[in-house]
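**Student:** show me how the following folds:
(2 chains)
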Protein chains: 2
Amino acid sequence: MAMTNSICPLCADAGGALVFQAEKFRVIRADEAGFPAFYRVVWTAHVAEFSDLGADDRGLCMAAVTAVEQALREHLQPTKINLAALGNLVPHLHWHVIARFDWDSHFPGAVWGEPKRTSDRALEELVRGKLPRVEQGMAARLARLV
Amino acid sequence: MAMTNSICPLCADAGGALVFQAEKFRVIRADEAGFPAFYRVVWTAHVAEFSDLGADDRGLCMAAVTAVEQALREHLQPTKINLAALGNLVPHLHWHVIARFDWDSHFPGAVWGEPKRTSDRALEELVRGKLPRVEQGMAARLARLV
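**Tutor:** As a prediction, the model looks like this:
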């Protein structure tokens, strides 16, 4: 299987603000309106499905997802963490790791559904203000994996 | 942490048609209109987040998710597999493992979003007809994990 794909956006670009880069994966902060603490673990090699990875790589990939989740929980105390690997539009393995709050525009629905309420910009800004410390903690946890 | 929660639906019930029961997890077929091959790996203990599990249990949990994914890929050749642990409504760890098809009502959107087209009942029935073999293969893969 090719390691990169010439028309894949996640092969061409980081896909967001780079938080941590390892050989086999990177972690980015996604710019998704309404969800200030929305991160992605992007696998470096161009594979579509989680089960395209061997057991060791699946373990590393989920250790990275877990580290991102733990940093979000430690620093933001979200109502819930949402994890997902969908890839219907961009079939290059990437895990969404999203801190959800009971006040966010879509809670308790999925971020991919219809909004339940208008966004609370003031509360979003409070979260955004904490992201430097979140990402410092995240990078420290991720560094232990590689 | 309590192992069960008296008001949790996934502590009270299987939550779907039971495909495989292990001590620490079960696999069920969910009854979700429009998505005939929609499975869930439900963790037995009442924990909310993936990172509430220790490393060994996270490994077992994802091995179960992978086995379900592999069985779906082998027998159904879906366009894409979607994996997700959300739990905003039912904060008891469960992984959605969904075979997606380019003809399904929501593709390439998430199953939690708005439909893109009407459901194709004939194609759904074709998938449903294959589920006994899918689940036989799934159970065989899962049995190797426990």
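
**Student:** how near is the residue nearest to A:L76 when sequence neighbours are not counted to chain B?
**Tutor:** Once flanking residues are discounted, A:L76 sits nearest to A:A99: 5.1 Å by CB to CB, 6 or more residues apart in numbering or on different chains. (C-beta placed from N, C-alpha, C; glycine too.) Using CB to the nearest CB, to the nearest Å, A:A99 is found at 11 Å from chain B.

**Student:** and A:L131, by the same measure?
**Tutor:** For A:L131 relative to chain B (CB to the nearest CB), the value is 19 Å.

**Student:** and stretch A:45-54, is it in reach of chain B?
**Tutor:** Yes - Stretch A:45-54 lies within reach of chain B by CB under 8 Å from any CB of the partner chain, at A:48-51.

**Student:** by neighbours, which of these wins?
**Tutor:** Among the residues of stretch A:45-54 next to chain B, A:F50 has the most neighbours (other CB atoms under 10 Å in any protein chain shown), with 23 neighbours.

**Student:** next up, the contacts around the residue nearest to that one when sequence neighbours are not counted.
**Tutor:** Using CB to CB, 6+ apart and skipping residues adjacent in sequence, the residue nearest A:F50 is A:A85, 5.7 Å away. Contacts for A:A85 (CB atoms under 8 Å, 6 or more residues apart in numbering or on different chains) come out as A:50, A:93-96, B:82-84.

**Student:** quick check, nearest of those residues to B:A22?
**Tutor:** The nearest member of the contacts of A:A85 to B:A22, counting by CB to CB, is B:L83 at 18.8 Å.

**Student:** in the sheet, who's paired with that closest one?
**Tutor:** A:A85, B:V97 (DSSP bridges).

**Student:** who in chain A is up against chain B?
**Tutor:** Applying CB under 8 Å from any CB, we find that chain A lies next to chain B at A:48-51, A:58-59, A:62, A:65-66, A:69-70, A:73, A:79-89, A:91, A:100, A:107-110, A:112-114.

**Student:** drop anything exposed from the residues you listed.
**Tutor:** Burial by neighbour count, 16 or more other CB atoms under 10 Å in any protein chain shown: within those this picks out A:48-51, A:58-59, A:62, A:65-66, A:69-70, A:73, A:79-88, A:91, A:100, A:107-110, A:112.

**Student:** still on that earlier bit, output the residues of stretch A:45-54 next to chain B as TSV; include the columns secondary structure and pLDDT.
**Tutor:** Listed next are the residues of stretch A:45-54 next to chain B as TSV, based on DSSP: H, G, I helix; E, B strand; the rest coil; pLDDT from 0 to 100:
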residue	secondary structure	pLDDT
A:A48	coil	98
A:E49	coil	98
A:F50	helix	98
A:S51	helix	98
